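Asks: Give me a 3D structure for the following:
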Amino acid sequence: PCAVAALVALSFSGAIGLTFLMLGCALEYYGVYWPLFVLIFYVICPIPHFIARRVGEDSDAASSACRELAYFFTTGIVVSAFGFPMILARVQAIKWGACGLVLAGNAVIFLTILGFFLVFGRGDDFSWEQW
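Replies: Below you'll find the model as predicted:
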């Protein structure tokens, strides 16, 4: 019951974030689909965490170099996702309003990804690893 509510809330927030992204692209006033490239950042964002989790399973240390490197790469990916629409707006490939909508969508999507790992990444009986 609690996990189902968390899953529904995460799905809803993901839909809201993607709606902001689509509005930044598809509104007639903006009409440019370059910001959709941030979808690549959404997909590759959790990959360093998955790799570090798989490689770091043997070590019992609370903090490992592999995990810290994964945090570093993830931070770089997230910062790049926020910087990409700003650069597009700066070179006038998209309008600043579209940039604002994409940045709002980025914030919601990355908070959703963080929420997913906080809710389902505990490693208990109910975790995403079973899926």
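Asks: Touching, residue 115 and residue 13? I think so.
Replies: Yes: under the criterion of Cβ atoms under 8 Å, residue 115 makes contact with residue 13 at 7.2 Å. All C-beta atoms are positioned from the backbone trio N, CA, C, and that covers glycine.
Asks: residue ranges for the strands of the chain, please.
Replies: Remark: no strands are assigned in the chain by DSSP state E.
Asks: Just the C-alphas of the least confident helix or strand in the chain by mean pLDDT, formatted as CSV.
Replies: Here the helix or strand of the chain ranked lowest by mean pLDDT, DSSP states H and E is helix 47-55, holding a mean of 87. This file holds the C-alpha atoms of helix 47-55, laid out as CSV (Å, rounded to 0.1, in the frame of the first residue of the first chain):
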residue,chain,number,x,y,z
ILE,A,47,24.1,4.6,-15.0
PRO,A,48,27.1,5.5,-12.8
HIS,A,49,25.1,4.6,-9.7
PHE,A,50,24.3,1.2,-11.2
ILE,A,51,27.9,0.5,-12.2
ALA,A,52,29.2,1.6,-8.8
ARG,A,53,26.6,-0.5,-7.0
ARG,A,54,27.6,-3.6,-9.1
VAL,A,55,31.3,-3.1,-8.7
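Asks: So what touches that helix?
Replies: Outside helix 47-55, the residues that touch it by Cβ atoms under 8 Å, 6 or more residues apart in numbering are 64, 66, 67, 69, 70, 71, 73, 74, 77, 117.
Asks: what about the residue lying closest to the third one once chain neighbours are set aside, how many residues close to it?
Replies: Closest residue to residue 67 in three dimensions, ignoring its sequence neighbours and counting by Cβ to Cβ, 6 or more residues apart in numbering: residue 52, at 4.8 Å. Burial of residue 52 is recorded as 20 neighbouring residues (other Cβ atoms under 10 Å).
Asks: and the gap between residue 52 and residue 36?
Replies: 28 Å (Cβ to Cβ, to the nearest Å).
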